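Engineer: My questions are about this predicted structure, shown below with the sequence.
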Amino acid sequence: MRVFSRNYGLRATYSNATETGAAPMAPPFGWGNVRTVVAPQEVLSARERDVLQLLARGHTNREVAERLHISVRTAEWHRASIRRKLNITTRAGLVDFAALHGLVQLDA
């Protein structure tokens, strides 16, 4: 089981900082409490990963629903489930998470 620290974009992870005695760094805006979780493939269903990819590319719930041939309410439910499972409260946090784990490519 692959484990990662949710300190996206920071060189020192929370666990490394506490092991070395350094002050832990704050997580990016929109990420909930700093905690260790498993890789997205182990937390999210295949459909939730599909929804996350489309959301991270900037699609609305309606556009996600149309592309995946599901209802808008189902797309909203998947988004809520993703946020709950990952403890990420903002769309920007979801985009950061998706980029970090290779679910989307962001233009530099």
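Structural biologist: Sure thing, it's come through. Residues are numbered from 1 along each chain as shown.
Engineer: what ranges do the strands span in the protein?
Structural biologist: Using DSSP state E, the strands of the chain run over 3-5, 36-38.
Engineer: Distance check, V64 against E42.
Structural biologist: Distance of V64 to E42, computed by CB to CB, to the nearest Å: 22 Å. (Glycine included, C-beta is placed from N, CA and C.)
Engineer: between these two, which one's more packed in?
Structural biologist: Between V64 and E42, counted using other CB atoms under 10 Å, V64 has the larger neighbour count: 23 against 10.
Engineer: The more buried one against R73, yeah?
Structural biologist: No - if you go by CB atoms under 8 Å, V64 and R73 don't touch, sitting 11.5 Å apart.
Engineer: For this protein, which segments are assigned as helices?
Structural biologist: Here the chain has its helices, by DSSP state H, at 14-20, 40-43, 46-56, 61-68, 72-86, 91-100.
Engineer: and stretch 75-82, C-alpha only, in CSV?
Structural biologist: Extracted C-alpha coordinates of stretch 75-82, given in CSV (Å, rounded to 0.1, in the frame of the first residue of the first chain):
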residue,chain,number,x,y,z
ALA,A,75,-22.1,14.0,-10.6
GLU,A,76,-22.6,16.2,-7.5
TRP,A,77,-22.8,13.1,-5.3
HIS,A,78,-19.5,11.9,-6.7
ARG,A,79,-17.9,15.3,-6.1
ALA,A,80,-19.1,15.3,-2.5
SER,A,81,-17.8,11.8,-2.0
ILE,A,82,-14.4,12.7,-3.4
